[in-house]
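[1] fold the following and give me the result.
(chains A and B)
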Amino acid sequence: GEDVEQSLFLSVREGDSSVINCTYTDSSSTYLYWYKQEPGAGLQLLTYIFSNMDMKQDQRLTVLLNKKDKHLSLRIADTQTGDSAIYFCADFTGGGNKLTFGTGTQLKVEL
Amino acid sequence: DAMVIQNPRYQVTQFGKPVTLSCSQTLNHNVMYWYQQKSSQAPKLLFHYYDKDFNNEADTPDNFQSRRPNTSFCFLDIRSPGLGDAAMYLCATSREGDSYEQYFGPGTRLTVT
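    Here you go, the predicted structure:
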């Protein structure tokens, strides 16, 4: 079945850029998403990208998609302490209205 | 305004005592999902409703049931909770034909004593 992998932890200093990476295995992925989860809360949709796009920018967030390598990344510019959370990537392949979630990356922002 | 609402936010139940978690949405989305999330793990899909059609995941225990009486509401019933069912339960919705993104509620934290 589909596999979506992420590194477990990332630590950055406040004001630096953060880059969270994700790899997936299903070449038929049509949409890819980034979600943010703060402690004790649900998942908040941050942004998504359609598979025919290479890049999408939304304020401080930049999503890059490399379909050939099946690699997705989320760049957060000027990272703030409020960005500390777990970030999940997810993909949709069109089958069964379901998303496949990655393992999640815990982002820690230090002063 | 909250779009996906879950009640209660925290639920304590006794081992073996049935419990029901509820979810409602104001988005008029036709698909509703229930996920189980344990600490430091990704959400695990239990089942989803596509309109009125119920779709169970193959590895969802029989102990978990769901009801969707109308478009806005969906319930998760745990018939005989075990200690291993303690988790965060997340409800989500999506609309077919958009970009299929799912919108999540705040979750219900279930404790089993």
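[2] packing partners of the lowest-mean-pLDDT helix or strand in chain A?
    Comparing every helix and strand of chain A by mean pLDDT, DSSP states H and E singles out strand A:99-101 as the least confident one, with a mean of 91. Packing partners of strand A:99-101 (3 or more CB pairs under 8 Å, 6 or more residues apart in numbering or on different chains; DSSP states H and E): strand A:85-92. Backbone N, C-alpha and C define where each C-beta goes, glycine included.
[3] what pairs with the strand it packs on, and is each one parallel or antiparallel?
    Using DSSP bridges, strand A:85-92 pairs in its sheet with strand A:31-37 (antiparallel), strand A:99-101 (antiparallel), strand A:105-110 (antiparallel).
[4] so for that strand, what's the average pLDDT?
    For strand A:85-92, mean pLDDT is 94.
[5] can I take it that B:Thr111 is in a strand?
    Yes - judged by DSSP: H, G, I helix; E, B strand; the rest coil, B:Thr111 forms part of a strand.
[6] contacting residues around residue 76?
    You didn't say which chain, so I picked chain A. A:Ile76 makes contacts with A:17-20, A:60-61, A:83, A:107, as judged by CB atoms under 8 Å, 6 or more residues apart in numbering or on different chains.
[7] that's the wrong chain, I wanted chain B
    Neighbours of B:Leu76 in contact, by CB under 8 Å, 6+ apart: B:20-23, B:34, B:46, B:64-66, B:89, B:91.
[8] now, of those, which are buried?
    B:21-23, B:34, B:46, B:64-66, B:89, B:91 (16 or more other CB atoms under 10 Å in any protein chain shown).
[9] just curious, which of these is nearest to chain A?
    Checking the buried ones among the contacts of B:Leu76 against chain A with CB to the nearest CB, the nearest one is B:Cys91 at 8.3 Å.
[10] partners of the closest one in the sheet?
    B:Trp34.
[11] check which helix or strand A:Asp69 maps to.
    According to DSSP states H and E, A:Asp69 maps onto no helix or strand at all.
[12] host element of the closest residue to B:Asn28 other than its chain neighbours?
    Of all residues not flanking B:Asn28 in the chain, B:Thr71 sits nearest, at 6.4 Å (CB to CB, 6 or more residues apart in numbering or on different chains). Secondary structure from DSSP H and E places B:Thr71 outside every helix and strand.
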